[in-house]
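Chemist: can't give you the sequence, but here's the structure:
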């Protein structure tokens with residue numbers, strides 16, 4: 001059974017993030033960015049976790065400007081059932097979110113294009129997308145923040161409690 005958790009497991013997030021890189025590059029990544037450094041850097045960022053049958057499989061981190069999504073490879077495609085409630089949580093933090101996708105991450109690029117989110121620029125090896133509530137080609141609407149910039153009322157439940165501001169935005 002898939003479900004959201006109030007916070008992402010940063011160790012699992014690190015493993016999922018590391019798995020994105022080819023075998024030759026993964027060692028460079030893990031030597032440059034250690035699990036402890038990753039966890040310390042993102043510890044104060046709001047996050048939401050993804051769980052399958054009680055085990056963490058990934059999640060979303062928000063650094064104040066960009067959303068970072070990582071899912072263990074064996075769960076790619078399966079976590080999509082959590083997309084709508086995860087985006088509701090994300091858009092409750094901010095209505096205009098940037099997502100950087102590596103230009104060789106074809107699976108994620110197809111995902112972004114399939115949802116109709118706006119490609120706004122290329123920055124180094126990344127392609128930057130802007131995602132907004134109902135900004136893509138979705139048939140169901142995500143809650144929009146109020147016009148004055150205050151977030152819309154958050155849904156109740158454990159996934160929406162405990163978010164703290166990130167102290168280390170990028």
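Modeler: On my side now, so go ahead. Bear in mind that the values here come from a model prediction, so they are computed numbers and not experimental data. Numbers count the residues shown, from 1 in each chain.
Chemist: from here on, just use CA atoms for contacts and neighbour counts.
Modeler: Fine.
Chemist: beyond the lengthiest strand in the chain, next helix or strand please.
Modeler: Identified as the longest strand of the chain according to DSSP state E is strand 55-62. Per DSSP states H and E, the first helix or strand lying C-terminal to strand 55-62 is strand 67-71.
Chemist: in its sheet, which strands sit next to the longest strand of the chain, and in what direction?
Modeler: Using DSSP bridges, the strands paired with strand 55-62 are strand 47-52 (antiparallel), strand 67-71 (antiparallel).
Chemist: winner for burial among those strands?
Modeler: Counting by mean count of other CA atoms under 10 Å, strand 47-52 has the highest mean neighbour count of the strands paired with strand 55-62, with a mean of 24.
Chemist: I'd like the mean pLDDT over that one, please.
Modeler: What strand 47-52 shows for mean pLDDT is 97.
Chemist: returning to what we had before: using JSON lines, lay out the strands paired with strand 55-62 together with distance to residue 104.
Modeler: Listed next are the strands paired with strand 55-62 as JSON lines, based on distance: least, CA to CA, whole Å:
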{"stretch": "strand 47-52", "distance to residue 104": "24"}
{"stretch": "strand 67-71", "distance to residue 104": "15"}
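Chemist: excluding its backbone neighbours, what's nearest residue 60?
Modeler: Counting by CA to CA, 6 or more residues apart in numbering, residue 60 lies nearest to residue 69, which is 4.5 Å off, once chain neighbours are set aside.
Chemist: ok, residue 2 next?
Modeler: Closest to residue 2 by CA to CA, 6+ apart is residue 52, at 4.5 Å.
Chemist: tally of neighbours for residue 120?
Modeler: For residue 120, the count of nearby residues is 11 (other CA atoms under 10 Å).
Chemist: mind listing what it touches?
Modeler: Residue 120 sits next to 127-130 when contact means CA atoms under 8 Å, 6 or more residues apart in numbering.
Chemist: of the residues you listed, buried ones?
Modeler: 127-130 (16 or more other CA atoms under 10 Å).
Chemist: before we move on, the earlier item: mind listing what's buried along the longest strand of the chain?
Modeler: Under 16+ other CA under 10 Å, the buried positions of strand 55-62 are 56-62.
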